[in-house]
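**Q** Prediction below, plus the sequence it came from.
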Amino acid sequence: MVAQFLPADLDEYAALRLWFTAYSSALGPSPAESNQRLLAAAATRSHEHMRRWLTHFVEEDLLDADSVDDVANTAIALTVGIAMEALTPGSPATVPDGRRLLARHFAGVLGSHRG
């Protein structure tokens, strides 16, 4: 379920560094406008994908429609935070740990719905 947001290729440190490079080139001290546009497009696409995915749970009466935006924003923030932690020297966090945390987040969100 969560593998689409934290894919197996992110288990490789090099893939995480590539992900971070996209952020740092758009948000770093000397950001390139083209990189900012690319990151903005990727963020928009990620949020749209997450909302579309959550809509399936609304259709199955597992999630309230009015909570889709909050759940999507929380999940995206959690995913980005997990990737940053997995990159941070000295952090015990890993992408596989992140998948478990993200799955726990969704289980809690979907389990709390009273249809």
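**A** Noted; the coordinates are in hand. Residues are numbered from 1 along each chain as shown.
**Q** CA only for contacts and neighbour counts going forward, please
**A** Noted.
**Q** where does the protein have low pLDDT?
**A** Counting by pLDDT under 70, the chain has low-confidence residues at 1-4, 113-115.
**Q** Now with 80, please.
**A** When residues are selected by pLDDT under 80, those of the chain lie in 1-12, 111-115.
**Q** quick one: the helices in it?
**A** Remark: helices assigned in the chain by DSSP state H are 13-27, 33-59, 68-87, 95-111.
**Q** who wins for proximity to Phe5 among those helices?
**A** helix 68-87 (7.2 Å; Cα to Cα).
**Q** ok, Asp70 to Leu102 distance?
**A** Applying Cα to Cα, to the nearest Å, the value for Asp70 to Leu102 is 15 Å.
**Q** who has more neighbours, those two?
**A** A count of neighbours by other Cα atoms under 10 Å puts Leu102 above the other of Asp70 and Leu102, at 22 against 11.
**Q** Was I right to think the more buried one contacts Thr79?
**A** Yes - between Leu102 and Thr79 there is a contact at 7.4 Å, judged by Cα atoms under 8 Å.
**Q** Might you report the residue contacts of the spatially closest residue to Gln36 that is not a sequence neighbour?
**A** Leaving aside its sequence neighbours, Gln36 sits nearest to Ala26 (Cα to Cα, 6 or more residues apart in numbering; 4.5 Å). By Cα atoms under 8 Å, 6 or more residues apart in numbering, the residues touching Ala26 are 32-36, 39.
**Q** So Ala26 versus Arg45, what's the distance?
**A** Applying Cα to Cα, the value for Ala26 to Arg45 is 16 Å.
**Q** Can you report phi and psi for Ala93?
**A** phi -70, psi 140 (degrees, to the nearest 10).
**Q** For it, give its distance to Ile82.
**A** Ala93 is 7 Å from Ile82, by Cα to Cα.
**Q** and these two? which has more neighbours close in?
**A** Neighbours per residue, other Cα under 10 Å: of Ala93 and Ile82, the larger number sits with Ile82, 22 against 16.
**Q** now that one: how far from Ala42?
**A** According to Cα to Cα, Ile82 stands 18 Å off from Ala42.
**Q** what's the answer for Pro31, then?
**A** Using Cα to Cα, one gets 16 Å for the distance from Pro31 to Ala42.
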